[in-house]
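**Student:** sharing a sequence plus its predicted fold:
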2 protein chains.
Amino acid sequence: MKYSELFAKTSKQIPKDEVSVNANLLIRGGFVDKLMAGSYSLLPLGFRVVTKIEQIIREEMNATGAQEILMPLLHPKSIWNETGRWDSAREVMYQFKKGDKEYALSFTHEEILLDLVRKHIQTHRDFPIKLYHFSTKFRNELRAKSGVLRGREFLMKDLYSVHGTQKDLDKYYFEVAASYMKVFERVGLKAIQVEAAGGVFTEENTHEFQVLCDSGEDEVIYCPGGDYAQNVEIAEAKEGQQCVLGHGPLLKAKAIEVGNIFRFGTVYSEKMGVSFTDTGGKKQYVYLGSYGIGITRLMGTVVEVSNDDAGIIWPDQVAPFKVHLITIDNKQLTIDAKEIYQKLIKAGIEVLWDDRMDVSAGVKFADCDLIGIPTRLVVSKKVGEGKVEVKARNSDETGIISLDAFIKKQDY
Amino acid sequence: MKYSELFAKTSKQIPKDEVSVNANLLIRGGFVDKLMAGSYSLLPLGFRVVTKIEQIIREEMNATGAQEILMPLLHPKSIWNETGRWDSAREVMYQFKKGDKEYALSFTHEEILLDLVRKHIQTHRDFPIKLYHFSTKFRNELRAKSGVLRGREFLMKDLYSVHGTQKDLDKYYFEVAASYMKVFERVGLKAIQVEAAGGVFTEENTHEFQVLCDSGEDEVIYCPGGDYAQNVEIAEAKEGQQCVLGHGPLLKAKAIEVGNIFRFGTVYSEKMGVSFTDTGGKKQYVYLGSYGIGITRLMGTVVEVSNDDAGIIWPDQVAPFKVHLITIDNKQLTIDAKEIYQKLIKAGIEVLWDDRMDVSAGVKFADCDLIGIPTRLVVSKKVGEGKVEVKARNSDETGIISLDAFIKKQDY
C-alpha cells in the first residue's frame, strides 16, 4: 500500500476528549476515528490489525473443534424475558420499542444461542456443541473514557459450548482456557489467568485473562511464580502475604481484562427449557459455557502495553504491515524505491511505502514511529543502489543490507 | 468436516411462517435459523457460503482501489439531523432514546462516511477516496416474508467514493458497475444492469443489478439483446415494443435486486458541509457515490434461481464445500472413506463427509441433494477399493473413477 493513497494520514493533534493512551495513539496514527463517546470506526490501518487478531483467534477456536456462525444483533424482548435478563440487565442493555414490538441490542448472546440450540438437539449424541462468532456488542457504559478498551459498541469473539454433563463442560472449559493463553501469546501479550466474580452474568466464580498494565481498570493479587491470581474483588489473600509455594510475597497490580470464561451450567437452560433425553432416557437440562474475547479491546491493550514517546510498537503478528518503506533524497531514488516496493510485494511481504514527494525525511521518520510497523527500511543516496537501511521499531540500531539478503531473512 | 459433528442437521419439516423458497431450503438444509421475522442466524453451512461471497466481493472491491474499513452501527441523532434523514427516513430506521441520548441503528452509512471524510480531507490531492465495509444493516421492513431476501437485519457490503469533481465520480461509478457485474458472475448469477429510481436515497436515477426470477419483488422491462433495461417504476418503453436496435420485442420479467449504485453528487456534502479547497483555491463540496450489495440477499438469490425439487444446487464458487463424501454399506468401508476423506483434505479439497453409521443410504442421498454441494462422491462395496462414484449435483450421470484421478482433475 502506498502511503499517499492510504485513507487517513497521521495527525499531530492530540485528540480532545480522549484521556487514554490507546485512543490518543490509535487516532493520531490513523487507525481509528471517533464517531461518538465509546464508538469508533476502524480505518484501513486499524481494520488490518483487527483482521489479524481475528484470524489468530479463528485458528485457535477451530483447533478446539468449534464452528463459526453469525447470530443477529437485534433481539426480540420475549427471549430476554425467558431468563429474566430483560429486567436484570436493563441498565447495560439498549432496549427500545418500534411499532408494537420491543427489541434489545446484543450485549451478549447466551439467550440467542440457547434458542438456536434447543431447536436442533434431541439426544445425548448431539453434544458437545461448540459455536462461536465475531460480532458487535452494544453496552450502555456510563463512563466511556478508556478509548477502545471500553466501548458502547465494540467487536467481540464469543464462543458458547453446550454439553450433556457438567464433567464434559469442565473439560472443555479448561481446554478453552489453554486456547485463550495461546491466543494472547500469539497476539503478543503476556496474560495471566485470574479467578474472578461473575458479575451480572453468573454467581459462580469465573476466570478472567488479565494483562498487567498501569492504565487497567481492574486490580489483581497474584503470585510472581504463577500459581495464584485473583481479582481483588474476590481475593482471599493480601498483597505482601507470602506465597505458600515459596515464590515470595504476593503482588498487587492494575490490569486490563482481555478475556473471560464462564461456566453457567444449567442456570439458563432450565429457565429456557433447553433439555435432551440422556442415556438413561431421562430429561436433562444442557450445560452451558460462555467464553469471550474483546477484539477491539485487544487491539487497544496491545497499544497500552507496547508504545514509547514516539508512538505504537506493534508485535509482528498483529502489525498492519510488516515493513514500512521510506524514500528520502530525490526522484531517482523514488524510482529505485518503487522497484524495491514491488520486489517486497512479490516476495509476499506486506509493505507500507511512504511515497510522498512533498514531505521531509524527518516527518516521514516521525510518522513511521507513530504508526509502529515492526521494520523500517530506508532507501536513500547514502545507503546506495539495491541496498536498504534496516531498523526495527523496538531498537535504535540500524544496519545496511542488500534488498535480496533482507528478503531472504524474512520467514514468510 | 464430518457431518456427524456439523451443527444443525437437515430437517424434513417445512418451516411454518415461511413462504419463500430460499428460507424453506436454507432452513431445511441447515444453513440458517430464524430468530424472528426478518432475522436469521447464519449456521456453519450458511456462514461458509457468506464467507465465500464476501471474499469474492472483497477481491473485486480491492481491484478498484477501494480500502476496507468498519463503521459503527449505533449512530447519534445529531449526524442524521444534518441531512434531515432523521425525519425523512424515520419509518425505515430504528430510532430510540437511552438516558438523555437519542440513537439510530445503521440503515445505511452515507452520513457516517461523510463525517469520517470531512475530518480527514484538506486539498484536491486527497481524492478520490474509496472506502467499503461489510456490516449489518437494520431496516424496519413492514413485510418480511421473503426469507433472507428482505430482512429487518441483514449483511451488506457498502462502498462509498468521494471525489473532487463530478467527472471523476462518473468515471468511478461506471468502474464499480463493471466490477459489480464481475461479482455477480463469479457468484454464479446472471445479473442485468437496470436503470431505476433512487427511492428514499436520491431524486436522481440510479442503476440496479437485477437477477430475473419469478419470485422477485421488482419488475423490469428489458431488451433481450442487452441494450435497454429499466425498472417498471420509471420505464419509458413498454413490453412488446420493438427494440430500436432490432433485437425484437422488449420483455417484462420479475426480478430480484442484488445490488444498486447511486451518484449522490453534492446533495449530502452540502448539507453536512464537507468541502475542500480546489485547484483554483475555491471551496468546493465533495461528490459522493454509494454502492451496495446485499450479502445475505445474494445467498438467498442463488437459492431462488438454483434449485430443484430435491434441494439447493450451489454454484462451485460459493458452495459451502466442494465435495460431499458419502459412505454406504459397512464398517470396513467407513475406514476406507476415512482415508479418502483425509486424502481429499490433504489435496486442499473442501469436503463434507457424511460419516453417520445409523442412517440409510437413501437418507444420505436425500440430505446430499438438499444441501446441494456441487460434487457427490460415494464409497461403497459396489464401487470397490480406492475408487469413488462421482456425480455432479446438477446432473443425473454417475461415473466411477479412482480417487487419485478425481483429485488430479480438480483445479485447486
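**Tutor:** The structure has been received and is ready for your questions. Numbers count the residues shown, from 1 in each chain, chains lettered A, B, ... in the order given.
**Student:** quick one: secondary structure of the nearest residue to residue A:95 once chain neighbours are set aside?
**Tutor:** In this structure, residue A:95 finds its nearest non-sequential neighbour in residue A:104, 4.9 Å apart by C-beta to C-beta, 6 or more residues apart in numbering or on different chains. Where you see a C-beta, it was placed from the backbone N, CA and C, and this is true even at glycine. In the three-state summary, residue A:104 is assigned as strand, counting by DSSP: H, G, I helix; E, B strand; the rest coil.
**Student:** burial count for residue A:104?
**Tutor:** The number of residues packed near residue A:104 is 22, by other C-beta atoms under 10 Å in any protein chain shown.
**Student:** which residue does the stretch 201-350 of chain A bring closest to chain B?
**Tutor:** When you check the stretch 201-350 of chain A against chain B by C-beta to the nearest C-beta, the closest residue turns out to be residue A:296, at 9.5 Å.
**Student:** so who does that residue touch?
**Tutor:** Residue A:296 is in contact with A:40, A:42, A:50, A:148, A:151, A:154-155, counting by C-beta atoms under 8 Å, 6 or more residues apart in numbering or on different chains.
**Student:** where does chain A dip in pLDDT?
**Tutor:** Residue ranges of chain A with pLDDT under 70: A:199-204, A:330-334, A:411-412.
**Student:** what's the single longest helix found in chain A packed up against?
**Tutor:** Among the elements of type helix in chain A, defined by DSSP state H, the one spanning the most residues is helix A:166-187. For helix A:166-187, the packing partners by 3 or more C-beta pairs under 8 Å, 6 or more residues apart in numbering or on different chains; DSSP states H and E come out as helix A:44-63, strand A:153-163, strand A:191-196, strand A:206-212, strand A:251-265, strand A:287-294.
**Student:** in a markdown table, list the ones you listed along with mean neighbour count and distance to chain B.
**Tutor:** Conversion of those to a markdown table gives the following (neighbours: other C-beta atoms under 10 Å in any protein chain shown; distance: least, C-beta to the nearest C-beta, whole Å):
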| stretch | mean neighbour count | distance to chain B |
| --- | --- | --- |
| helix A:44-63 | 20 | 4 |
| strand A:153-163 | 24 | 5 |
| strand A:191-196 | 21 | 25 |
| strand A:206-212 | 23 | 24 |
| strand A:251-265 | 21 | 19 |
| strand A:287-294 | 25 | 15 |
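**Student:** of all those, which one comes closest to residue B:56?
**Tutor:** helix A:44-63 (17.0 Å; C-beta to C-beta).
**Student:** can you give the contact residues for that closest one?
**Tutor:** Applying C-beta under 8 Å, 6+ apart, the contact partners of helix A:44-63 are A:1, A:6-8, A:26, A:29-32, A:40, A:42, A:68, A:132, A:134, A:155, A:157, A:159, A:179-180, A:182-183, A:186-187, A:293, A:295-296, A:298-299, A:314, A:317-321, A:371, B:67-70, B:131.
**Student:** buried by neighbour count, from those residues: which ones?
**Tutor:** Applying 16 or more other C-beta atoms under 10 Å in any protein chain shown to the contacts of helix A:44-63, the neighbour count classes A:1, A:6-8, A:26, A:29-32, A:40, A:42, A:68, A:132, A:134, A:155, A:157, A:159, A:179-180, A:183, A:186-187, A:293, A:295-296, A:298-299, A:314, A:318-321, A:371, B:67-70, B:131 as buried.
**Student:** those in helices, which ones?
**Tutor:** Assigned to helices by DSSP H, the following of the buried ones among the contacts of helix A:44-63 qualify: A:26, A:179-180, A:183, A:186-187, A:295-296, A:298-299, A:371.
**Student:** what is the nearest of those residues to residue B:385?
**Tutor:** When these are compared for distance to residue B:385, the smallest value, 38.8 Å, is given by residue A:179; criterion: C-beta to C-beta.
**Student:** enumerate every residue touching residue A:23.
**Tutor:** When contacts are counted by C-beta under 8 Å, 6+ apart, residue A:23 is found next to A:15, A:32, A:34, A:40, A:146-148, A:300.
**Student:** element containing residue A:304?
**Tutor:** helix A:295-305 (DSSP states H and E).
**Student:** relative to strand A:251-265, how tilted is that helix?
**Tutor:** Computed by axes from the mean of the first three to the mean of the last three C-alpha atoms, to 10 degrees, the angle separating helix A:295-305 from strand A:251-265 equals 170 degrees.
**Student:** from the chain's centroid, how far away is helix A:295-305?
**Tutor:** Relative to the centre of its chain, helix A:295-305 is centred 6 Å away, using C-alpha atoms, centre = their mean, to the nearest Å.
**Student:** same deal with stretch A:318-336?
**Tutor:** Average the C-alpha atoms of stretch A:318-336, do the same for its chain, and the two points are 29 Å apart (C-alpha atoms, centre = their mean).
**Student:** end-to-end on that stretch?
**Tutor:** Distances were taken as C-alpha to C-alpha, to the nearest Å; on that basis the terminal residues of stretch A:318-336 are 29 Å apart.
**Student:** pull out the buried positions in it.
**Tutor:** Within stretch A:318-336, the residues that count as buried by 16+ other C-beta under 10 Å are A:318-329, A:333-334, A:336.
**Student:** now swap in stretch A:295-312 and tell me
**Tutor:** A:295-307, A:311-312.
**Student:** please save the CA atoms from that stretch in PDB.
**Tutor:** As requested, the backbone C-alpha atoms of stretch A:295-312 are provided in PDB (Å, rounded to 0.1, in the frame of the first residue of the first chain):
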ATOM      1  CA  ILE A 295     -11.300  -7.800  19.700                       C
ATOM      2  CA  THR A 296     -11.100  -4.100  19.600                       C
ATOM      3  CA  ARG A 297     -10.200  -4.100  23.300                       C
ATOM      4  CA  LEU A 298      -7.300  -6.500  22.500                       C
ATOM      5  CA  MET A 299      -6.000  -4.000  19.900                       C
ATOM      6  CA  GLY A 300      -6.200  -1.200  22.500                       C
ATOM      7  CA  THR A 301      -4.400  -3.400  25.100                       C
ATOM      8  CA  VAL A 302      -1.500  -4.000  22.700                       C
ATOM      9  CA  VAL A 303      -1.200  -0.300  22.200                       C
ATOM     10  CA  GLU A 304      -1.400   0.400  26.000                       C
ATOM     11  CA  VAL A 305       1.500  -2.000  26.800                       C
ATOM     12  CA  SER A 306       3.600  -1.600  23.700                       C
ATOM     13  CA  ASN A 307       4.400   2.000  22.900                       C
ATOM     14  CA  ASP A 308       7.000   4.700  23.600                       C
ATOM     15  CA  ASP A 309       7.100   8.500  23.400                       C
ATOM     16  CA  ALA A 310       7.200   8.300  19.600                       C
ATOM     17  CA  GLY A 311       4.200   6.100  19.000                       C
ATOM     18  CA  ILE A 312       3.000   2.500  18.800                       C
END
